[in-house]
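Chemist: dropping a prediction and its sequence here:
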Amino acid sequence: LHEALADEKPAVEVCKDLFALGRIALNEGRYDEALALLTRSLDIIVALVPQGEHPQRARTLRELGVCRRLRGELLEAEALLTEAEARFSRIFGAQHVERAQALNELAGVRQALGDLQGAERLAQEALVAFVAYAGTPWHLDVATARYQLAVILRQRGEVAGARVQVEQALDAATRAAGQRHPIVPVLVHELGVLALGEGEPAKGLPYVEQALALWRALHGGEVHPDYAAGLHTLGTLKRAMGDLPGARAALTESLRLKTQILGDVPHPDRAATLNNLGAVLLKLGEHDEARRCFLGCLAMETALYGGRDNANVAMSAVNLAQVERVLGAHVAARDRLRAAAATLERTLGADHPTTVAVNGLLPTFEAAAAAAAAAPKAEA
């Protein structure tokens, strides 16, 4: 109706309708459709207000940034969210809730790109602004900010601090909106992820199974990015518990769903599942298949992160080094592991548990490479 009334001219009502439809598509996991709708919305608002500031332009830029992040287009997402944050700051001021929402989304992108220190700074700033805006810690925006901060802390190895944030977020979300709000299964799922980080995968299993059931009910089935992410975690937990066939089944189904939803394109979520599936196949002795998974993962991540230092890329390289060593490429495996260890020290720090564990592998790899280099001389 709004389009008919506008008679093919730019109209703010059509812009807002497209924006609302784009957000619905985002929530339902239809990212291509969301991108098209939000892009049309932005084109209209730019045509209406080509020079000056307008809140709807900033909101559309923010949602486009979220869409790009969910599509795995992290550098594009970073640029859009940075522009949205700057526009909100100019329009409403530094303490406004809409700027805080853009900051929180930007924190998620920086975390995915491996800038954990910068991501934590943005997430903390967003959390302070949300609490000030809401006047209470029991608010959905506060819960969202605490979740984002928890993910960053977990990746930094601060699992206890992450758990505190998730528990407070879950309390805030259920008080504010009840058990049926979409953020609740996200937070329950994160408790399962944290159990893995605490070295107790069996304790994480009920959380992930509960999250999967909630997502199945919420989305009316299993074809949704949230459900695919839950299967990924389920497979990771089963791997840690020693159930390799169960892990393989869950990770294979997760990868199938992610490819169905996202397409056969580079994406952080697809890369992560390929990586974990490769680790399971390596333990099952299927070395060539494992190597294919690791190579596919590394190629995706290299394309996604634009050559930046990134802990995820480093860990994929560690896994590839391990399979190369098993296949007898000892020198290549050692060199790859050295480079990965250096990246982890730069991104996570020398004292991070992951960095310490990878550095602990180096002596074995060094010895194997030295033996391989000496073998031809011995034969001569």
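Modeler: Good, I have the coordinates. As the structure is a computational prediction, the values presented were derived from the model and not from experiment.

Chemist: how many other residues sit next to Asp264?
Modeler: The number of residues packed around Asp264, counting by other CB atoms under 10 Å, is 9. C-beta coordinates here come from the backbone N, C-alpha and C atoms, glycine included.

Chemist: so it, which of the three states?
Modeler: When classified by DSSP: H, G, I helix; E, B strand; the rest coil, Asp264 comes out as coil.

Chemist: with adjacent residues omitted, what lies nearest to Arg239?
Modeler: Leaving aside its sequence neighbours, Arg239 sits nearest to Ala247 (CB to CB, 6 or more residues apart in numbering; 3.9 Å).

Chemist: now do the contacts for the one you found.
Modeler: Residues near Ala247 by CB atoms under 8 Å, 6 or more residues apart in numbering: 235-236, 238-239, 276, 280.

Chemist: what is the nearest of those residues to Ala79?
Modeler: Asn276 (29.8 Å; CB to CB).

Chemist: ok, the closest one - contacts?
Modeler: Neighbours of Asn276 in contact, by CB under 8 Å, 6+ apart: 232, 235-236, 239, 247, 251.

Chemist: among those, which lie within helices?
Modeler: Among these, the members found in helices (DSSP state H) are 232, 235-236, 239, 247, 251.

Chemist: who wins on neighbours among those?
Modeler: Among these, the one with the most neighbours (other CB under 10 Å) is Leu251, at 29 neighbours.

Chemist: Gln179: which element?
Modeler: Gln179 is part of no helix or strand when elements are defined by DSSP states H and E.

Chemist: next, it: phi, psi?
Modeler: phi -80, psi -20 (degrees, to the nearest 10).

Chemist: could you count how many residues lie near it?
Modeler: Here the number of neighbours of Gln179 (other CB under 10 Å) works out to 10.

Chemist: check the gap between the residue nearest to Arg239 and Ala228 for me.
Modeler: As judged by CB to CB, to the nearest Å, Ala247 and Ala228 stand 15 Å apart.

Chemist: pretty sure Leu327 is touching His287, no?
Modeler: Yes: using CB atoms under 8 Å, Leu327 is in contact with His287, at 5.8 Å.

Chemist: circling back: same list, the contacts of Ala247, but as JSON lines with pLDDT and distance to Tyr147 please.
Modeler: Converted to JSON lines, these look like this (pLDDT from 0 to 100; distance: CB to CB, whole Å):
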{"residue": "Gly235", "pLDDT": "98", "distance to Tyr147": "22"}
{"residue": "Thr236", "pLDDT": "97", "distance to Tyr147": "19"}
{"residue": "Lys238", "pLDDT": "97", "distance to Tyr147": "24"}
{"residue": "Arg239", "pLDDT": "96", "distance to Tyr147": "24"}
{"residue": "Asn276", "pLDDT": "95", "distance to Tyr147": "22"}
{"residue": "Val280", "pLDDT": "96", "distance to Tyr147": "28"}
